[in-house]
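> Sequence below, structure please.
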Amino acid sequence: MAESSVAKKAVPARRPGGRTAVLRERMLAAATELVARHGVDGFSYEQVAELAGVNKTSVYRNWPDRAKLVVDVFTSFAAESIGVPDSGDLHADLVEFLVTMAETLSTPQGRALSSVANSAVSNAELDAIVDTAYAQRVVIVHRRLAVAVERGELPPVDAYFLTELLSGPVHLFMNRGKRSFTRPDAEQVVTVVLAGLRAVHRG
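Down below sits the predicted model:
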């Protein structure tokens, strides 16, 4: 069996979780690539194992539930692509959040996974999977927003609501395909959204 590009990825000598964690990440990377290529219903555990360069039983041992594997695919992709930094400057951090999101969604894999997620509206099972993954993504954003509220940078706000306000324009640009979402676009979106939230709070 030819070793795949996923299996050939350099593995650090030491990392938290040891070899088990490294193999899990490799299998998850393989599953992500396959979901992007073939959709949720178009891949098998055998393909994941082959692409990751592991035994099929390793995939089953980590994900006995196929739906959980797909949830982890979307959650992992989101966590890696849209983590919110904490530089102490909320405006700058949210700009980076949007720029990183736009750059990641613009990759072939990002576009493919977005297409799979968008198709969820016509598939109840897939819709539930995407909702679960999205809820976990909001948790990532909420951590940064909670810190901002504690520091007085932001009035109390629903994390889901704010994430939708910020990320909506990114997805709109992506879906229309007229031009890319740029850093100046991100600056403008963050400025308008934060100004609106603060104005409503003062009112």
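> Hmm, Arg24 is touching Trp63, no?
No. Between Arg24 and Trp63 there is no contact under CB atoms under 8 Å: 9.3 Å. Glycine gets a C-beta too; all of them are placed from N, C-alpha and C.
> downstream neighbour of the strand or helix carrying Phe77 in the secondary structure list?
Phe77 is part of helix 66-81, with elements assigned from DSSP states H and E. Next helix or strand after helix 66-81 toward the C-terminus (DSSP H and E): helix 90-105.
> List the buried residues for that following helix?
Within helix 90-105, the residues that count as buried by 16 or more other CB atoms under 10 Å are 90, 93-102, 104-105.
> OK, contacts around Ala186?
Residues in contact with Ala186 (CB atoms under 8 Å, 6 or more residues apart in numbering) are Val95, Leu98, Val99, Ala102.
> Compute the distance between it and Tyr160, please.
20 Å (CB to CB, to the nearest Å).
> Mind giving me the packing neighbours of the helix holding Phe77?
Contact analysis of helix 66-81 by 3 or more CB pairs under 8 Å, 6 or more residues apart in numbering; DSSP states H and E lists helix 18-38, helix 90-105, helix 108-118, helix 124-151 as its packing neighbours.
> ok, which pair from the contacts of Ala186 is furthest apart?
Val95 and Ala102 (10.8 Å; CB to CB).
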